Structure formats: structure tokens, C-alpha cells
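*Asks:* Mind looking at a prediction? Sequence and model below.
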Amino acid sequence: MREILIDCLLVFAVGGGFCVIAQLLIDYTKITPARILVTYVVAGVILTAVGIYEPLVKLAGCGATTPLTGFGYSHARGVEYAVRDRGLVGALTGGLSGTAGGITAAMTCGFIAALVFNGKPKT
Amino acid sequence: MNLDAKTYQNYVKAYAKKSPSPKNCIAAFLVGGSICLLAEGFYRLYLHLGLAEASVRILTPVTIIVLTAIATGFGVFDCLAKFAGAGTLVPISGFANAVTSPAIDNKAEGLVMGVGAKMFIIAGPVIVYGTLASVIWGVIYYFLHGRGIV
């Protein structure tokens, strides 16, 4: 029970921490939200490449995989797996395979939502 | 009133609205942390139900994406995002909202140039730069792996 509580606190703190860093960037540097998303994904790839992100995922679970840096982590893990599996060609296929589930789910949900819902009238 | 540039700047600074950053940061921390905790809950639930870990790793973000799309459609997500700022932007919910929201709003422009094209207005760059970074890492990894370094 105690272990689960500590795990949850770690998930919350690490996930929330990623959001606070982004909030500070938005408030103090006027970086647009779109640039934050791009920066976070690329940062996730770099942090995984240098070996920092994997331990963070082991420590904080979904606190590390749910933020967009986790998307970069999936890119990097996917490409590592593909390169081990089929050599240099894997560099071209692995990144997208690693994130295929998320991207496809977002596209599918976005499309269905567009069919079901109507945009809010601009006020 | 004679003011040199520096005095004027200080004068403006004193009267300018204080940045609401501390409050924004607390909101971002609480909402962002909660979304990650929700994901962790689903992750453990799926494992508990006996699904393979490789599938759970995919299903967990997909669950958050589905929930976000529904919340975006009903207009609930926008309200939460206004309060939470980066708290809803940074988790995978921000990516899902960036796809769903323009898809719904640009429905009138048609299924191809409206829904199909506009859903990538923010998600597109995210996918492009993430993939480019992975290609670079893939090539480096290939040489490191070949020499037995990683």
C-alpha cells in the first residue's frame, strides 16, 4: 500500500513537473504552445539517446511516458529496436513505428469527432 | 513631466499587470500531474486485466487520446485548458486536442482540405521533428551498436 502511494506521488510529481517547466517557458519566454510541443518531443528523443529518459520511465512510469517527451521516448525506442532488428534501414522505419499507435489513435479519434460534433459558433 | 527612458521603464513596470505565473504553474502542476496519474491508473488496470505489457504501453496513451477527443467534442477540454495551461498541453492530451480541435472547427471546409489537412496544423510539425530526430538518433545508434558501445 505504501509502495503504491509513493509510486503515485512520483508519477504525479514528475508529470506535473514537466508541465510546470512548459508553463514557465510559456509565461516568461513567449514561446508558442506549438513550439513547446515540438521542443518536448525532440527533447524526449535526445534525453532517451543520452540515456537519461529510460531510468526516469522506470522511476515515474506514466509520469514520464504521458508528457510529450514520452512521445519522443517512443520515437527513440522504436528506432533503436528497428536498427537492432534490420540495420540502417531501421533508422527510416523505427521512429514512426514506435509512435504509430498514438498517431493513428489521434487521427481516428479526430476524424470521428469531426463527423459527430459541430464546431462551437464563434462568440 | 520629464522622464528619461530608464525611469519611464521602471514606471511602466510598476504599473504593468504582474505576470500570473505562480498561479499558472500550480494549476499546470495539479492538472498535468492528475492526467499522468489517470494514465498510470489505466496502465495498472490493463496489466491487472492480463494484457501484455507491449500492448498496455500503447493502450494507455490511446485511452487518454480517446478521452481527450470526447472532451474536446463536448467543449469541456477548452474550459479545462484555459485553467490548466501547460497542464493539459504537455501530456498526450495536448497532442490529441491539437488534432481533434482543428478537425472539428474546419469541418465546413470539407473532408479533405478541412478535416484531413487541418488536423495536422500543429500535430504535423510535432510528427515531422520527432521523426527527424529519431532518424538522426537511428543512424548514430547504428554505428554505436555496430561497435558494441550501446
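*Replies:* Arrived safely, thanks for sending.
*Asks:* Return the distance of stretch B:141-150 from the chain's centre.
*Replies:* Stretch B:141-150 sits 32 Å away from the centroid of its parent chain (CA atoms, centre = their mean, to the nearest Å).
*Asks:* Which residue ranges of chain A form helices?
*Replies:* Using DSSP state H, the helices found in chain A span residues A:2-29, A:33-49, A:53-60, A:62-65, A:68-86, A:90-116.
*Asks:* Longest helix of chain B, counting residues only.
*Replies:* helix B:21-48.
*Asks:* List of residues touching whichever helix or strand comes after that one?
*Replies:* Downstream of helix B:21-48, the next assigned helix or strand under DSSP states H and E is helix B:53-73. Outside helix B:53-73, the residues that touch it by CB atoms under 8 Å, 6 or more residues apart in numbering or on different chains are A:62, A:65-66, A:70, A:101-102, A:105-106, A:109-110, A:112-113, A:116-117, B:35, B:38-39, B:42-43, B:46-47, B:51, B:77-78, B:80, B:91-93, B:95-97, B:100-101, B:104. All C-beta atoms are positioned from the backbone trio N, CA, C, and that covers glycine.
*Asks:* and if we set it to 6 Å?
*Replies:* With contact meaning CB atoms under 6 Å, 6 or more residues apart in numbering or on different chains, helix B:53-73 is reached by A:101-102, A:105-106, A:109, A:113, A:117, B:39, B:42-43, B:46-47, B:77, B:92-93, B:96-97, B:100-101.
*Asks:* CA atoms of that helix as PDB?
*Replies:* C-alpha atoms of helix B:53-73 as PDB (Å, rounded to 0.1, in the frame of the first residue of the first chain):
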ATOM      1  CA  GLU B  53       2.900  -5.100 -21.400                       C
ATOM      2  CA  ALA B  54       3.700  -4.200 -25.000                       C
ATOM      3  CA  SER B  55       0.000  -3.700 -25.700                       C
ATOM      4  CA  VAL B  56      -0.500  -1.800 -22.400                       C
ATOM      5  CA  ARG B  57       2.200   0.600 -23.400                       C
ATOM      6  CA  ILE B  58       0.200   1.500 -26.500                       C
ATOM      7  CA  LEU B  59      -3.300   1.300 -25.000                       C
ATOM      8  CA  THR B  60      -2.600   3.700 -22.100                       C
ATOM      9  CA  PRO B  61      -1.800   6.800 -24.200                       C
ATOM     10  CA  VAL B  62      -4.600   5.700 -26.600                       C
ATOM     11  CA  THR B  63      -7.100   5.800 -23.700                       C
ATOM     12  CA  ILE B  64      -6.100   9.400 -22.900                       C
ATOM     13  CA  ILE B  65      -6.300  10.300 -26.600                       C
ATOM     14  CA  VAL B  66      -9.900   8.900 -26.800                       C
ATOM     15  CA  LEU B  67     -11.000  10.700 -23.600                       C
ATOM     16  CA  THR B  68      -9.500  13.900 -24.900                       C
ATOM     17  CA  ALA B  69     -11.200  13.700 -28.200                       C
ATOM     18  CA  ILE B  70     -14.600  13.200 -26.500                       C
ATOM     19  CA  ALA B  71     -13.900  16.100 -24.000                       C
ATOM     20  CA  THR B  72     -12.800  18.300 -27.000                       C
ATOM     21  CA  GLY B  73     -16.000  17.500 -28.900                       C
END
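*Asks:* Give me the buried positions along it.
*Replies:* Across helix B:53-73, burial judged by 16 or more other CB atoms under 10 Å in any protein chain shown covers B:56-73.
*Asks:* Quick one: list the elements packing against the worst-scoring helix or strand of chain B on mean pLDDT.
*Replies:* Least confident helix or strand of chain B, by mean pLDDT, DSSP states H and E, is helix B:5-15 with a mean of 76. Helix B:5-15 is packed against no helix or strand, with contacts defined by 3 or more CB pairs under 6 Å, 6 or more residues apart in numbering or on different chains; DSSP states H and E.
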